[in-house]
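Chemist: For reference, the sequence and a predicted model appear below.
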Amino acid sequence: MTRRRLPEWFLLLLPAIIVIAAVVLIPLIFSFYSSFTPYKLTRPSTLWKWVGTYNYEKILSDVKFWAAFGRTILFLTIALNLELMLGLGIALLVNKVTWGQRGIRTMLMFPMMFSPILVGFQFKFIFNDNIGLVNNIIQSVGFADVALPWLVDGKLAMFSILFAEIWMSTSVFAILILAGLFAIPRDPLEAAKVDGCTPWQSFRHITLPFLMPFIFIAMTIRSLDVARAYDIVQIMTGGGPARRTELLWTLMSRTGYVDARMGLANAMGYVSILLSILFTIYFFHKLSAARAELGMTG
Amino acid sequence: MKKSRIISTLLSTVAVVAMFESVQAGEFDGVTIEAKLIGGDQYEGLYARISEWETATGATVDIISKKSHFEIDREIKSDMAAGTTSWCIGSNHSSFAPQYEGLYVDLNDYVSGDTVAEFVGGNINASTVGGELLMLPRAQFDVSVLYYLKSNYTDEAKAAEFKAEYGYDLAVPDTWAQFKDQAIFFADPPNFYGSQYAGKDEAIVGRFYEMVVAEGGNYLDDNKSPIFNSDAGQRALQWFVDLYEAKAVPAGTLSYVWDDLGAGFASGTVALNLDWPGWAGYFNDPESSKAAGNVGVAVQPMGSATRTGWSGHHGFSVTNDCDNKEAAVSLVEFLTSEESQLAESAGGSLPTRSAVWDANVAAAAAGDDAFRAESLAAFAEGAKFAFAVPPIPEWGETTNIVFPELQAAILGDKTVKEALDDAAEAVDELMRESGYY
């Protein structure tokens, strides 16, 4: 009788499986389980009380949650589109630079090197209505009576946190699109020039299709990032005032850590994951289509 | 300088002598006490004295965490969830204490009744939850009084203009109605504001709570059901709304908390400011404040029923899982002793022991610092009206429900009644879920 041995591929993968199970799978299962309990951090015994779908029912009928959900989608849509436009513009300009491009590329990365908390504090000061830089500039150029409530007015507050988010992360798009520009073969562009195409026609029909896979990869990465936007918003507005800038993660963190209602917060997390999954599926679908258009497979 | 050095040397000597009276030398030889303490400049002076207790008892204190109170609060909740609560001493606050169910010992079992009786009764009541004394208060008692710019009350033209407009003499406000009139009268936005208030989180709810009480209402009834949407509650919230609509407060006040308010009054651009004792020295220090030399301190104004008086205090608690509770309690007694409170309150904070209050007021009255005497007298008077937040674990959670609704009313998104009714409905649901009724 021969001893049954585990297949080699499984043995080789086992360390990775164990690590992934420990750091991803078990917390995932645990948090999913706790979303069916009234788990409060300060009352550990509540972890063992099963309440079924109570937390989910509560969330589904909670106007404040869905308002935060909708606001997060709006925030995501505006941030991604503006970051794309600005990133594309910056990448095209940097691509034209013939001297010192390496230095510019490094400088482009600077905003990404700051911690989001620092960026939050920086813009909280810049947009402060009383002692902030922006209002001081406005007042010093002649509008002495103006003190715009940047972090209080609903639209201005959303603008302010979007500004901070875009300032910090546009370079992600710029760098990835720049990498795409470097990868474009020169032949089609030169052929287009010989055939008399305008610069816009070359960009629209040659450069942009080549860039689309890079753009969708950047979109996917940033959509996951922005859907989890927390630090900057928490520091600048805390989701307020009157929930005017409340996003999913400010709501979830307050529920989970301040109110200690981890069961409910986890349920919110699982519902909001839908958002990330939808965006990821959408961008992957678009990425595959863009690659297929270029004759790439997979 | 010399005088303060002599006083601190004397205090140290008294403390060490007192230590030897209460504990035997080397009583806790080899014991290590792990502590999680609130950090910050104003708290460090007391911790410097820990070495005296170590020398007297032979024990060692290991401060394993030193953070702001909100960070310590989150850390302790995580510890409770993870079951890692074998450390011995935690900084605590009267607003936070009810949340930590089962974490801390009832100090009534460890501290003599005589010792407990030496503290201010109100502070001991606010440290007691469900009959259990969960912490011993340190000399960090907070109640807010009125800081104001004195120059506004010495201008005769301004006084005449005010009387013509409002029909009564301009004097430091004694009621919240007068406060509102004057804040609107003094305001000249965006260069000068009549007042300001904390606009978010627990800070604005605490202020609202004390205004509701001042108007004769309350936050919760005896069954813990919300009643802050009463007429008194509506009058209280209307006060915030009126000041905001009249632009008597900065538009950004809804994003302000304590540091922003302190910086605002110190900039000399705010006429009236309800604030905590810790700011007194800062406001009158020319190094840090443009208002220095122009700051007056008066007892907090009253509503239609009583004066406001939302208060809280810091303290130290001992965990149930601590291996050597006697040593931990000994350290807590040392940190909250008369000597420790004399030393800590010398920095400007308010004590929680009756004898230390008396000593400080007497010393200030006899000293040559008129501002210190004025502010201490105001705080001593203000402390008579002090009351704590409802001692329930859900207090913090209710504030997270209520503050966005208060903001919605102030910004005009909802009427005062709509906002309070919506907040009360949500708090009612929370109380039902928590099993109060």
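Modeler: That came through, no problem.

Chemist: Assess the claim that A:N130 and A:A147 are in contact.
Modeler: Yes: using Cβ atoms under 8 Å, A:N130 is in contact with A:A147, at 6.9 Å. C-betas here are computed from N, CA, C, even on glycine.

Chemist: okay, and the common contacts of the two?
Modeler: Common neighbours of A:N130 and A:A147, using Cβ atoms under 8 Å, 6 or more residues apart in numbering or on different chains, are B:P190, B:P250.

Chemist: for B:A409, what are its contacts?
Modeler: Going by Cβ under 8 Å, 6+ apart, the list of residues near B:A409 reads B:L237, B:F240, B:V241, B:T415, B:V416, B:E418, B:A419, B:L420.

Chemist: 10 Å instead?
Modeler: A:242, B:234, B:237-238, B:240-241, B:244, B:415-420, B:422-423 (Cβ atoms under 10 Å, 6 or more residues apart in numbering or on different chains).

Chemist: So it: helix, strand or coil?
Modeler: What DSSP: H, G, I helix; E, B strand; the rest coil gives for B:A409 is helix.

Chemist: so how far is A:K155 from it?
Modeler: 20 Å (Cβ to Cβ, to the nearest Å).

Chemist: same question, B:V31
Modeler: On the measure of Cβ to Cβ, B:V31 and A:K155 end up 60 Å apart.

Chemist: In terms of neighbours, single out the busier of those two.
Modeler: Between B:V31 and A:K155, counting by other Cβ atoms under 10 Å in any protein chain shown, B:V31 is the more crowded of the two (19 against 8).

Chemist: pretty sure the more buried one is touching B:G58, no?
Modeler: Yes: between B:V31 and B:G58 there is a contact at 7.5 Å, judged by Cβ atoms under 10 Å.

Chemist: Give me the common contacts of these two.
Modeler: B:A327.

Chemist: Looks like B:D79 contacts B:T85 (just checking).
Modeler: Yes: with contact defined as Cβ under 10 Å, B:D79 counts as touching B:T85 (5.1 Å).

Chemist: Overlap of the contact sets of these two?
Modeler: Common neighbours of B:D79 and B:T85, counting by Cβ under 10 Å, 6+ apart, are B:K36, B:Y100, B:L103, B:T319, B:D321.

Chemist: ok, and of those, which contact chain A?
Modeler: The residues of those that also fall near chain A, by Cβ under 10 Å from any Cβ of the partner chain, are B:Y100, B:L103.

Chemist: Dump the shared contacts of B:D79 and B:T85 into TSV; add neighbour count, pLDDT and distance to B:P393 as well.
Modeler: Below are those laid out as TSV (neighbours: other Cβ atoms under 10 Å in any protein chain shown; pLDDT from 0 to 100; distance: Cβ to Cβ, whole Å):
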residue	neighbour count	pLDDT	distance to B:P393
B:K36	23	97	19
B:Y100	23	93	8
B:L103	21	96	11
B:T319	23	97	17
B:D321	16	96	19
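
Chemist: For B:E27, state which of the shared contacts of B:D79 and B:T85 is nearest.
Modeler: Within these, proximity to B:E27 (Cβ to Cβ) peaks at B:T319, which comes in at 20.2 Å.

Chemist: Give me the spatial nearest neighbour of the closest one, chain neighbours excluded.
Modeler: B:T85 (5.4 Å; Cβ to Cβ, 6 or more residues apart in numbering or on different chains).

Chemist: again, but for B:L261
Modeler: Using Cβ to Cβ, 6+ apart, the closest residue to B:L261 is B:Q196 (5.7 Å).

Chemist: Quick check, the one you found in contact with B:V249.
Modeler: Yes: counting by Cβ under 10 Å, B:Q196 touches B:V249, with 5.0 Å between them.

Chemist: Find residues that contact each of these two.
Modeler: B:A183, B:L243, B:Y256, B:G264, B:V270.

Chemist: Adding distance to B:V402, neighbour count and secondary structure as columns, could you present the residues you listed in CSV?
Modeler: Conversion of these to CSV gives the following (distance: Cβ to Cβ, whole Å; neighbours: other Cβ atoms under 10 Å in any protein chain shown; DSSP: H, G, I helix; E, B strand; the rest coil):
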residue, distance to B:V402, neighbour count, secondary structure
B:A183, 23, 24, helix
B:L243, 18, 23, helix
B:Y256, 17, 24, coil
B:G264, 24, 23, helix
B:V270, 25, 26, strand
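
Chemist: farthest pair in those?
Modeler: Distance extremes for these: the farthest pair is B:A183 and B:Y256 at 15.2 Å, using Cβ to Cβ.

Chemist: could you measure B:S151 against chain A, distance?
Modeler: The spacing between B:S151 and chain A, counted by Cβ to the nearest Cβ, to the nearest Å, is 20 Å.

Chemist: tell me the secondary structure for that residue?
Modeler: helix.

Chemist: got a list of what the closest residue to it other than its chain neighbours touches?
Modeler: With sequence-adjacent residues excluded and distances taken as Cβ to Cβ, 6+ apart, B:S151 is closest to B:N294, at 5.3 Å. Residues in contact with B:N294 (Cβ under 10 Å, 6+ apart) are B:Y148, B:L149, B:K150, B:S151, B:N152, B:T154, B:G268, B:F283, B:N284.

Chemist: give me the number of residues near the fifth one?
Modeler: Yep, that's B:N152 we're talking about. Neighbours of B:N152 under the rule other Cβ under 10 Å: 21.

Chemist: That one is in contact with B:F162, isn't it?
Modeler: Yes: with contact defined as Cβ under 10 Å, B:N152 counts as touching B:F162 (9.5 Å).

Chemist: joint contacts of those two?
Modeler: Common neighbours of B:N152 and B:F162 (Cβ under 10 Å, 6+ apart) are B:L170, B:Q182, B:F185, B:F186.

Chemist: Just the buried ones out of those, please.
Modeler: Among those, the ones that count as buried by 16 or more other Cβ atoms under 10 Å in any protein chain shown are B:L170, B:Q182, B:F185, B:F186.

Chemist: Once you drop chain neighbours, what's closest to the third one?
Modeler: By the measure of Cβ to Cβ, 6+ apart, the closest residue to B:F185 outside its immediate chain neighbours is B:F162, 5.6 Å from it.

Chemist: That neighbour is in contact with B:P173, isn't it?
Modeler: No: with contact defined as Cβ under 10 Å, B:F162 does not reach B:P173; the gap is 11.4 Å.

Chemist: shared neighbours of these two, which are they?
Modeler: Overlap between the neighbourhoods of B:F162 and B:P173 consists of B:D181, B:Q182, taking contacts as Cβ under 10 Å, 6+ apart.

Chemist: would you put the C-alpha positions of whichever strand or helix holds A:W249 in PDB?
Modeler: Assigned by DSSP states H and E, A:W249 belongs to helix A:248-253. Taking C-alpha atoms only, helix A:248-253 is exported to PDB below (Å, rounded to 0.1, in the frame of the first residue of the first chain):
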ATOM      1  CA  LEU A 248     -19.300  55.600   3.000                       C
ATOM      2  CA  TRP A 249     -16.100  55.300   4.900                       C
ATOM      3  CA  THR A 250     -16.600  58.300   7.200                       C
ATOM      4  CA  LEU A 251     -20.000  56.800   8.100                       C
ATOM      5  CA  MET A 252     -18.600  53.300   8.500                       C
ATOM      6  CA  SER A 253     -15.600  54.400  10.600                       C
END
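
Chemist: how far is it from where the chain is centred?
Modeler: 14 Å (Cα atoms, centre = their mean, to the nearest Å).

Chemist: Likewise for stretch A:78-87?
Modeler: That offset, for stretch A:78-87, works out to 11 Å (Cα atoms, centre = their mean).

Chemist: Can you tell me how far whichever residue of the stretch 101-250 of chain B sits closest to chain A is from B:G412?
Modeler: Going by Cβ to the nearest Cβ, chain A is nearest to B:P190 of the stretch 101-250 of chain B, at 3.4 Å. Per Cβ to Cβ, B:P190 is found 19 Å from B:G412.

Chemist: same deal with B:F179?
Modeler: 22 Å.

Chemist: Appreciated, that's everything.
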